[in-house]
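> Turn this into a model:
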Amino acid sequence: MDRLIYNYFSDDDFLRISGKIKEMEKNTSGEIRISIKEKKNFSERKIDMRALAEMEFHKLNMHNTRDKTGILLFLLLGEKKFYILADSGIDQKVGQSVWDNVRDEIQNHFQNGKFGDGLIWGIERVGEILSAHFPIKSDDTNELSNEIVLG
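Take a look at the predicted model:
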C-alpha cells in the first residue's frame with residue numbers, strides 16, 4: 001500500500017489526534033473513532049460515503065457499545081471525502097445535520113491544508129456535543145480504542 005496518508009498527516013498528528021480523543025472521552029460516555037482510508041477498493045467503487053462509513057463502523061464493532069454511543073469520523077483521502085456517522089443512541093438526540101455542519105467545518109480546515117488541525121478541531125467539537133447529551137457515567141469504561149484506524 002502506498003502511504004498517501006503521509007502526504008496529509010505526520011506521526012505527530014496521529015499522536016495528537018489519539019490524545020485528543022482520550023481527552024474528550026473523559027467528559028462523555030460517547031466513543032469517538034477515526035478511520036482513514038486511502039482509497040476505495042475495486043468492489044467499493046460504486047458505494048457512497050455513508051454506506052462506506054457504515055461498513056467501517058460495523059467492521060470496527062462500533063455498534064456494540066453499551067449505550068449505542070459510538071461515533072465514527074471517516075476519511076477517504078483519495079477522493080478527499082469525509083463522513084461522520086453516529087450510532088442509534090446518538091441519533092436519537094443529535095440529528096445528522098449537526099454532524100454534517102461539523103464535517104463541513106473540518107473540510108474547511110482540510111481545504112486550507114490543515115489536516116491534523118482539522119481533525120483535532122472536529123474531535124473537540126464532537127466531544128463537546130457528546131458531553132452535552134451523553135455525560136460521563138460513574139461506571140463508564142473506554143469501550144473502543146482511541147487509536148486511528150488506517151486502511
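
> distance between the helix or strand hosting Ile17 and the chain's centre?
Following DSSP states H and E, one finds Ile17 within helix 11-25. On the basis of CA atoms, centre = their mean, to the nearest Å, helix 11-25 sits 12 Å off its chain's mean C-alpha point.

> Within the sheet, what are the partner strands of the next helix-or-strand element following that helix, with directions?
Later in the chain than helix 11-25, the nearest helix or strand by DSSP H and E is strand 31-37. In the sheet, strand 31-37 lines up against strand 70-76 (parallel), strand 149-150 (parallel) (DSSP bridges).

> Run a quick neighbour tally on the nearest residue to Lys22 once chain neighbours are set aside.
Of all residues not flanking Lys22 in the chain, Asn146 sits nearest, at 5.0 Å (CB to CB, 6 or more residues apart in numbering). C-beta coordinates here come from the backbone N, C-alpha and C atoms, glycine included. Number of residues near Asn146 (other CB atoms under 10 Å) recorded here: 19.
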